[in-house]
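**Q** Could you work out the structure for the sequence below:
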Amino acid sequence: MDIILDTNVVFSAMNSSLGASHKLLKRIDQAPLRMHVSTPLVLEYEAVLKRNNSLNYADVNAVVDYLCHISEQHGIFYLWRPVLKDPQDDHVLELAVKANAVIVTWNVKDFVPATARFGLEVITPRDLLKRLGEI
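**A** Have a look, this model is predicted:
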């Protein structure tokens, strides 16, 4: 299953060892999951995670570097902006279209109209873990 982790999922996973986000991040490198990233998404991971004073930069760098290492990296050469209610999330949609991947986010409602238009799926970390039989 090809997936994209929205920044809010990585943020939640790094801020709490409890919950679906953390559990998903711990098994992100296991089949059947295949993660995808783009430069704008990686930059957003770093910016958001480093803004949080409870996380140290070394931990943030280690997690982001690992996600880049295990992920298929994509260059996006088109822009459909603004498409989403929150234009700051458009780069996630663009990556999902390029990778034909499921968007994993806690903000499902922000993506639903556009993902339906492009034939993509959006799902919460909890629902993904249920689908994988993890919870």
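
**Q** right, and the helix or strand after the helix or strand of the chain with the lowest mean pLDDT?
**A** Among the helices and strands of the chain, helix 108-118 carries the lowest confidence by mean pLDDT, DSSP states H and E, at a mean of 92. Of the helices and strands lying after helix 108-118 in sequence (DSSP states H and E), the nearest is strand 122-123.

**Q** tell me what that following strand is packed against?
**A** For strand 122-123, the packing partners by 3 or more C-beta pairs under 8 Å, 6 or more residues apart in numbering; DSSP states H and E come out as strand 102-104, helix 108-118. Placement of C-beta: from N, CA and C, glycine included.

**Q** Could you dump these into a markdown table and include distance to residue 23?
**A** Formatted as a markdown table, the helices and strands packed on strand 122-123 follow (distance: least, C-beta to C-beta, whole Å):
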| stretch | distance to residue 23 |
| --- | --- |
| strand 102-104 | 12 |
| helix 108-118 | 18 |
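
**Q** and among these, the most buried is which?
**A** Comparing the helices and strands packed on strand 122-123 by mean neighbour count (mean count of other C-beta atoms under 10 Å), strand 102-104 ranks first with a mean of 25.

**Q** Give me the helices and strands touching that strand, please.
**A** With contacts taken as 3+ C-beta pairs under 8 Å, 6+ apart, strand 102-104 sits against strand 2-5, helix 90-99, strand 122-123, helix 125-131.

**Q** Which pLDDT value goes with the residue nearest to residue 126 when sequence neighbours are not counted?
**A** Closest residue to residue 126 apart from its sequence neighbours, by C-beta to C-beta, 6 or more residues apart in numbering: residue 20 at 4.0 Å. The per-residue pLDDT reported for residue 20 equals 98.
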